[in-house]
Structure formats: C-alpha cells, structure tokens
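Engineer: Predicted model follows, preceded by the sequence.
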Amino acid sequence: MTAKTVDPAEAALAQVRGLCLAYPSAEEKISHGAPSFKAGGARGRMFVTFVDHHHDDGRLAIWVKSTPDVQRRLVRAHPERFFVPPYVGVNGWLGARLDLAGTDWIEIALLVEDAWLSVAPKNPGKMATSARAVRKKPPARATTDAAVARGTYEKLAALVAELPDAECAREGVHATWRVRKKAFAYFLDNHHGDGIVAVCVRVPLAEARTMIAADPKRLYSPAYIGPRGWLGVRLDTARVDWTFVARLVAESHRKVAPASTRTR
C-alpha cells in the first residue's frame, strides 16, 4: 500500500487554523478565495489570512495584522522569511512564509497572538458566539502584572546582551533571541492567556520533564515547543533566581551557537 502524501499547504493551514481558532471569538471564513480568520462575531475584524501561491507569487504564507514598525523591522532583518503583502501591506500587515525549512511555529504563534489582541473585542461578553447570535460570555482571559513583565524583560535583555552574537526581535509583548538565525530563548508575557511571565530555553525533553517534576511552581512545559525540547522558567514568582536563569539561557545559547561564537 502506498503511503498517503501529506499536502504541505493543507498541513500548514491546519497549523494556522489551530492557532487562530484557539482564541475566544475567532471565526474562520473565506475572503477573496482565501481562508481568513476574524475576531468579534458578525462584525468582527480580520487578523490572519492564509495564502497559497497568491497570484503565483511562489509563497505559502500568512498575512498577519501587525504594525508598520514591526513590519519594517522584520522585513528588513529577515527578508527571506517576511515580506510586505499586497493590498494590506500599506496598513502594516506582515507576510510570513510557511514554506521554508525549519519554520519557527512559536514565532508564528506569537505574531498571530499579537494580531488577535489588536482586534479582539474590548468587552467579549457582548459579542455573538454563534450564527444565531446567542450571547454568552466566554471565560475571562488571564492577565499579568505590566510592571513585573517590564522589569523582568529588562533584566533578561541585559543578561542576554552579554552573549556573543545574540540578536533580539521584539514582537508585541513577547521577544525572541537568536544567534545566527537560530532561536535560543523566548520571553513570553501571558502567551495564549496563560497568565505567566516567563523565559523559555532549550533543554532536552527528558531533562526538562525531570526538572519540572522537581519544581512545578517555577518550571513548566511551554505550549507548542515544550515537547520539542524547551523549558519554561517563570519570572513572575516572588523570588526569581537570576543566576539559575542566566545559566539556563547561556546553555541554551551554546546549544545553537557555532563553535566560533561560543568563545569571546
């Protein structure tokens, strides 16, 4: 029996659909022939569009609602992965390719989350949740302390700045650090409404599970990337062991940095 071939476009759309529809009020619709996602019921606003070789441009990608500043920064820094999409690009939307080797789905998830937050109803209890406009208030979304998030990000950024060739991309309230285009740390603030401020670093899966079991109040498996060998370290606890955080971040950096970059 011949194994069934998975269509890359269908697989990518399934990933995007899972990310978008995980949010309250998010709905899928076809807009101009492309699967698109909006938030806020019947009068909702679009935040993501999935495009498969739009006008034969050779790209499998999403167009995600963003800001002109983020669009310019990412397109300038990573033109192989990001682009200015037609029609909506003038309004700050960002094109993100999904057809390149090693697509960073956590980065895609962060961009989608920022896009949803930018259009989500301020009062979700008043939005329609079905075709019959049944009014039902969804579960409250968790929040984090803005001062704590700001302070811990600044400490983490200063710590990572000491590592050779580390580059930071700030995406909304989150941030990604890379060395030679490979991610080694993520700063997450209330990712997917989990109410957590944390840094995520590369740790072998078995080791990460052992560490989480030993210290579940401080360590956890982050969404999407936990099963692929990442560990979440909370930065919003009463006392943060920054020496421990620094060691984990440095070890994560060494895992992806070329040998010439590991030494100063």
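Structural biologist: Now that the structure is in, tell me what you want to look at.

Engineer: Phi and psi next, for Val84.
Structural biologist: Val84 adopts backbone torsions of phi -90, psi 110, taken as degrees, to the nearest 10.

Engineer: any idea what the residue nearest to it when sequence neighbours are not counted is structurally, helix, strand or coil?
Structural biologist: Here the nearest residue to Val84 in space, its sequence neighbours aside, is Val75; by C-beta to C-beta, 6 or more residues apart in numbering that works out to 6.0 Å. From N, CA and C alone the C-beta is placed, and that goes for glycine too. Val75 carries the three-state label helix when classified by DSSP: H, G, I helix; E, B strand; the rest coil.

Engineer: for the stretch 1-150 of the chain, which spans come out with low pLDDT?
Structural biologist: Judged against pLDDT under 70, the low-scoring parts of the stretch 1-150 of the chain cover residues 1-6, 41-42, 122-141.

Engineer: Would you map the helices across it?
Structural biologist: When assigned using DSSP state H, counting those that start in this stretch, the helices of the stretch 1-150 of the chain occupy the ranges 8-20, 68-77, 105-119, 146-160.

Engineer: I'd like to know which of these lies nearest to Ile212.
Structural biologist: If you check each of the helices of the stretch 1-150 of the chain against Ile212 by C-beta to C-beta, helix 105-119 wins as the nearest, at 18.1 Å.

Engineer: Do I have it right that the residue nearest to Val84 meets Gly92?
Structural biologist: No - proximity of Val75 to Gly92 does not meet the contact threshold set by C-beta atoms under 8 Å, at 11.2 Å.

Engineer: picking that back up, which of the helices of the stretch 1-150 of the chain is buried the deepest?
Structural biologist: Among those, judged by mean count of other C-beta atoms under 10 Å, the one packed with the most neighbours on average is helix 105-119 (a mean of 21).

Engineer: quick one on the thing from earlier: who are the neighbours in contact with the residue nearest to Val84?
Structural biologist: If a contact means C-beta atoms under 8 Å, 6 or more residues apart in numbering, then Val75 has 82-84, 94 as its contacts.

Engineer: which one of these has the most neighbours?
Structural biologist: Using other C-beta atoms under 10 Å as the contact criterion, the top neighbour count among those goes to Leu94, which has 28 neighbours.

Engineer: so how far is Leu111 from that one?
Structural biologist: The gap separating Leu94 from Leu111 is 7 Å, by C-beta to C-beta, to the nearest Å.

Engineer: what's the overlap in contacts for these two?
Structural biologist: 64, 66.

Engineer: From Cys200, how far out is the spatially most central residue of the chain?
Structural biologist: In the chain, the residue lying closest to the centroid (C-alpha atoms, centre = their mean) is Leu110, at 2.0 Å. Applying C-beta to C-beta, one obtains 11 Å for the distance of Leu110 from Cys200.

Engineer: Identify the contacts common to the two.
Structural biologist: Residues touching both Leu110 and Cys200 (C-beta under 8 Å, 6+ apart): 186, 188.

Engineer: Quick one: low-confidence residue ranges for the stretch 151-264 of the chain.
Structural biologist: 260-264.

Engineer: Strands of that one, residue ranges please.
Structural biologist: For the stretch 151-264 of the chain, applying DSSP state E, counting those that start in this stretch gives strands covering 166-171, 174-179, 182-189, 197-202, 219-220, 230-234.

Engineer: Paired strands for the first one, with orientation please.
Structural biologist: Applying DSSP bridges to the sheet, strand 166-171 is found paired with strand 174-179 (antiparallel).

Engineer: surely Trp116 meets Ala22?
Structural biologist: No - if you go by C-beta under 8 Å, Trp116 and Ala22 don't touch, sitting 9.1 Å apart.

Engineer: Out of the helices of the stretch 1-150 of the chain, the one nearest Leu60 is which?
Structural biologist: Ranking the helices of the stretch 1-150 of the chain by distance to Leu60, with C-beta to C-beta as the measure, places helix 8-20 first at 5.8 Å.
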